[in-house]
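> Let me see the structure of the following:
(2 chains)
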Amino acid sequence: MFYAISGLLLLLSVATVYAWPPWLHIRGARPELALVAVLSIGLMRGPTAGCVAGFFAAYLSASIGSLPMGGQFITLMGIGLLAGLLRGGLFSTRITVAVVASFVGSIAAWLINLILAPPAEPLSWFRLMMMTALSTAVWSIPVFALFRAVGRRFATDTDDY
Amino acid sequence: MLSKPQSPQLRVKWLAVLCTLAVALTCWQHRAHRSGQQSAPEKAAQRIMWPLQSGVTSALGRGHDVFVSLIHARSLAEENRKLKEEIDRLAAEKLQLHEYYLEYKDLCEKLGFVISGEAKGVPARAISRSSTPGGPKVTIESLDGRELEVGNMVMTQKGLVGRVVVAQKSVGEVMLLTHSDHAVAGMAQRSRDQGMIYAASPTDASEPLLQMEKVRGEADLRVGDVILTAGLSEIYPASVRIGTVIRVQTAPASSRTLRAIIKPAANLTSITYVLVVRSAK
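Residues are numbered from 1 along each chain as shown, chains lettered A, B, ... in the order given. Model prediction:
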């Protein structure tokens, strides 16, 4: 059940990223909710689940965002895997960990994209990266809380902590 | 299955399968993009996601309306009262205009003119925005369910927005004027000087700009000139407003040509509703 609901939330997150309304943009930046969803699944259920979530999030977001799939796969699967490896230690179900991981993960994603597609204007790119990371970290609070609530609600049938 | 404690070998197998799939999908996409197409998995994902995005956009729009209503409840009540008065006034005006129309129709019939009435545009709303390496793209959905076609011109009341580059039934992806792959022939409304309009190089400016290139050196372009489409292609008809000249400079490549920096007439950073117009061909 956790995976069914998580899958739906993941779909919703990817859809919301690209439908994010302009009035919610913070200086032109929108949160990377798909990344937060992948990270949350990784933190709640381990590296394999995180990696699978990362795979689907990358496939869907690259398809609807007309982005190169390679970069998306590397970023999101890598983040899902690393978040999953954090599970069980370092208070991984604490929201603070999710906030910090989202901030770092968002910056890492931008840095990977920097290698694959260098920006024309480094200064505005850096500014947008920081605003996106900040915005992602803020929005990770409700998103991770939602995933954690779902994880706890369905802990009995899928628990492996 | 994924939640059970896994042996490292099983985990590695999972990872290997996922990585193989990822590489296959990436190669498929790369191959399709080289021929200017979209791969089948991309199309499948879009078919799943676009209805969902449509729902999310509606929900967020309603959420915004509720939020704004809560904040401005008192001023909205006042505005509501004024709007009701406006509706009464417009209803009277509409009646008057209807009478004029009947008179006009009568005159046309007497003079032997044919009245062609049907509007050409399809109203649509933006359901998602994405930033591609070349620039922004917007996904739109027609409001009345009419099918969109590749090459359809997209505009707002203020001016040109771009053109549809991918279409699946009532949903289409729009390449904006500010996309690096986009080009349109334009001309100045006042002097009729022509040039090609591309996206301007990214700057720190808060809004994206355009640049008109290949303008002959003796052209009479001035700040404030309105730029319209020249109608040289089959996609864009003539005389659609593109924007306003905000700066004129000598082109860096050749001192015998000018470059005009143009502010787009349509607000390309926050597109909500647009009009899709069939190709001029």
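> For A:Asn29, give me its contacts.
One thing to correct before we go on: residue A:29 is Ala, not Asn. A:128, A:131-132, A:134-135 (C-beta atoms under 8 Å, 6 or more residues apart in numbering or on different chains). Glycine gets a C-beta too; all of them are placed from N, C-alpha and C.
> Assign B:Leu221 to helix, strand or coil.
coil (DSSP: H, G, I helix; E, B strand; the rest coil).
> and it, how many neighbours does it have?
By the criterion of other C-beta atoms under 10 Å in any protein chain shown, B:Leu221 has 19 neighbours.
> ok, now which ones touch it?
B:188, B:191, B:193, B:212, B:215, B:245, B:248, B:258, B:260.
> pLDDT at it, what is it?
We have a pLDDT of 84 for B:Leu221.
> low-confidence ranges in the chain?
Just so you know, I chose chain A. A:88-92, A:155-161 (pLDDT under 70).
> looking at chain B here, not the other one
Checking chain B against pLDDT under 70 turns up B:1-6, B:113-120, B:202-206, B:254-255, B:279-281.
> middle-most residue in it, spatially?
With distances taken as C-alpha atoms, centre = their mean, B:Val161 lies nearest the centre of chain B, 4.0 Å away.
> pretty sure that residue belongs to a strand, no?
Yes - B:Val161 forms part of a strand when assessed by three-state DSSP.
> most neighbours, which of the contacts of B:Leu221?
In terms of neighbour count, B:Met212 stands highest of the contacts of B:Leu221 at 31 neighbours, by other C-beta under 10 Å.
> What residues sit buried inside the strand or helix carrying it?
Using DSSP states H and E, B:Met212 sits within strand B:210-216. Buried positions in strand B:210-216, judged by neighbour count with 16 or more other C-beta atoms under 10 Å in any protein chain shown: B:210-215.
> ok, residues contacting it?
With contacts defined as C-beta under 8 Å, 6+ apart, strand B:210-216 is touched by B:177-178, B:186, B:193-201, B:221, B:227, B:242-243, B:245, B:251, B:256-264.
> So which of those are in strands?
Taking DSSP state E as the definition of strands, the contacts of strand B:210-216 contribute B:186, B:194-199, B:227, B:242-243, B:245, B:257-264.
> Do a quick rundown of the strands in the stretch 1-150 of chain B.
Applying DSSP state E, counting those that start in this stretch to the stretch 1-150 of chain B gives strands spanning B:122-132, B:135-142.
> packing partners for the helix or strand following the last one?
Translated: strand B:135-142. Going down the chain from strand B:135-142, the next helix or strand is strand B:153-155, by DSSP H and E. Under the contact criterion of 3 or more C-beta pairs under 8 Å, 6 or more residues apart in numbering or on different chains; DSSP states H and E, strand B:153-155 touches strand B:160-168, strand B:273-277.
> So which of those strands is nearest A:Pro31?
The closest of these to A:Pro31 is strand B:273-277. By C-beta to C-beta, the value is 24.6 Å.
> Give the helix, strand or coil label for the residue of the stretch 151-281 of chain B found nearest chain A.
Nearest residue of the stretch 151-281 of chain B to chain A: B:Ser270, at 3.8 Å (C-beta to the nearest C-beta). Using three-state DSSP, the structure places B:Ser270 in coil.
> Mind listing the strands the strand holding B:Met212 pairs with, and their directions?
strand B:194-199 (antiparallel), strand B:257-264 (antiparallel) (DSSP bridges).
> May I see the buried residues of the shortest one?
What that stands for is strand B:194-199. For strand B:194-199, the neighbour count (16+ other C-beta under 10 Å) marks B:194-195, B:197-199 as buried.
> Not counting sequence-adjacent ones, nearest residue to the residue of the stretch 151-281 of chain B closest to chain A?
Distances taken as C-beta to C-beta, 6 or more residues apart in numbering or on different chains place A:Pro22 nearest to B:Ser270, at 3.8 Å, with adjacent residues excluded.
> Show me which of the contacts of A:Ala29 is closest to chain B.
Taking C-beta to the nearest C-beta as the measure, chain B lies nearest A:Leu128 of these, at 9.5 Å.
> Surely that closest one and A:Arg30 touch.
No - using C-beta atoms under 8 Å, A:Leu128 is not in contact with A:Arg30; the gap is 10.1 Å.
> leaving aside the residues next to it on the chain, what's closest to the most centrally placed residue in chain A?
Residue closest to the average C-alpha location in chain A (C-alpha atoms, centre = their mean): A:Leu35, at 1.4 Å. Among residues not flanking A:Leu35 along the chain, A:Gly105 sits closest, at 5.6 Å (C-beta to C-beta, 6+ apart).
> shouldn't the one you found be in contact with A:Ser40?
No - between A:Gly105 and A:Ser40 there is no contact under C-beta under 8 Å: 11.0 Å.
> Common neighbours of these two, please.
Contact criterion C-beta under 8 Å, 6+ apart; residues shared by A:Gly105 and A:Ser40: A:Ala83.
> How many residues are close by B:Arg89?
By the criterion of other C-beta under 10 Å, B:Arg89 has 10 neighbours.
> mind listing the helices for chain A?
A:2-18, A:33-45, A:47-64, A:69-86, A:95-116, A:122-153, A:155-158 (DSSP state H).
> which of these sits most buried?
Mean neighbour count (mean count of other C-beta atoms under 10 Å in any protein chain shown) peaks for helix A:33-45 among the helices of chain A, with a mean of 30.
> Which of the buried residues of strand B:210-216 sits closest to A:Ala53?
Closest to A:Ala53, out of all of the buried residues of strand B:210-216 and judged by C-beta to C-beta, is B:Leu210, at 40.1 Å.
> Find the nearest non-adjacent residue to B:Thr178, please.
B:Pro208 (4.0 Å).
> for A:Met44, same thing?
That would be A:Gly151: by C-beta to C-beta, 6+ apart, it lies 4.3 Å from A:Met44.
> Tell me who's in contact with the one you found.
Contacts of A:Gly151 by C-beta under 8 Å, 6+ apart are A:2, A:44-45, A:93.
> what's the spacing between it and chain B?
Distance, A:Gly151 to chain B, using C-beta to the nearest C-beta, to the nearest Å: 10 Å.
> Apart from its neighbours in sequence, what residue is nearest B:Thr250?
That would be B:Leu258: by C-beta to C-beta, 6+ apart, it lies 6.4 Å from B:Thr250.
> B:His179: neighbour count?
By the criterion of other C-beta under 10 Å, B:His179 has 21 neighbours.
> does any bit of stretch B:124-143 sit next to chain A?
Yes - Stretch B:124-143 is in contact with chain A by C-beta under 8 Å from any C-beta of the partner chain, via B:127-133, B:137, B:139.
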